[in-house]
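A.B. asks: Here's my sequence, what's the structure:
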Amino acid sequence: MANTTLFLLCDLQSIFRTAIHEYHHVVATTNKMLKFAKLFECPVIVTTQNAKALGPTDPQVELASLGILHRQTIDKTLFSMFIPEIQALVSELGTKTVVLMGIESHICILQTALELLIQSSICKISEVYVVADAVSSCNAFEVPIALDAMRHAGVKVLTSESIGFLLMRDASLPSFKEFARIVKESKGSTKAAGEALLQRTSL
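C.D. replies: The predicted model follows:
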């Protein structure tokens, strides 16, 4: 799974810090996922929404740690991330699995996930995951509605830890030691994010 997985990080820009529900937990989980991306050598593509007006990706997001795995940051005005530049990269990378995180859950994340499903046969994407503890919206009530809609459409809505273990697969592999360290190191922030963001996961 890991060698054909692409992480997409949506519009986590500093300007939204005070607007998004439990924003700091989204950033913390995102940074955990970026550590998984680095460990499993999964490429990461980032978008910004109208950066000219809204500014760049939040510097608290640890993109520099990825090195060349941070393939590109692409600015957009569409709500969906699945713009032509990203469609081309998905094809170029031979992506089969997409992992989505960022904001807002009921707008850009939802539209991206649904479009990935619609285009899956053309782009040869077999699975779309949303990291439930790495997405949010301005209004907390929007999040469970969006997650339910995506789940019912066929998106796999899982926690950061579940997705990490799917990528890891086997405790006998040499990378498991580092994987276990990341999980242990982020135990407190994982619990806090889950409690803050996932108290209502369905209607």
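
A.B. asks: What's opposite the residue nearest the centre of the chain in the beta bridge?
C.D. replies: Nearest to the mean C-alpha position of the chain, by CA atoms, centre = their mean, lies Met101 at 2.2 Å. Beta bridges link Met101 to Leu9 when assigned by DSSP bridges.

A.B. asks: so where do the helices sit in this structure?
C.D. replies: Secondary structure of the chain by DSSP state H: the helices cover 23-40, 51-54, 84-93, 110-118, 120-123, 142-153, 160-168, 176-185, 187-197.

A.B. asks: mind giving me JSON lines with the ones you listed and columns for distance to His70?
C.D. replies: (Glycine included, C-beta is placed from N, CA and C.) JSON lines is the format used below for the helices of the chain (distance: least, CB to CB, whole Å):
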{"stretch": "helix 23-40", "distance to His70": "9"}
{"stretch": "helix 51-54", "distance to His70": "16"}
{"stretch": "helix 84-93", "distance to His70": "12"}
{"stretch": "helix 110-118", "distance to His70": "18"}
{"stretch": "helix 120-123", "distance to His70": "21"}
{"stretch": "helix 142-153", "distance to His70": "25"}
{"stretch": "helix 160-168", "distance to His70": "18"}
{"stretch": "helix 176-185", "distance to His70": "18"}
{"stretch": "helix 187-197", "distance to His70": "21"}
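
A.B. asks: Tell me which of these approaches Ser14 most closely.
C.D. replies: Among those, the nearest to Ser14 by CB to CB is helix 51-54 (8.9 Å).

A.B. asks: measure Val44 to Gly102 for me?
C.D. replies: As for Val44, its distance to Gly102 is 11 Å (criterion: CB to CB, to the nearest Å).

A.B. asks: Now do the shared contacts for the two.
C.D. replies: Common neighbours of Val44 and Gly102, using CB atoms under 8 Å, 6 or more residues apart in numbering, are Leu8, Leu9.

A.B. asks: Same drill for those two, tell me which one is more crowded.
C.D. replies: Neighbours per residue, other CB atoms under 10 Å: of Val44 and Gly102, the larger number sits with Gly102, 29 against 21.
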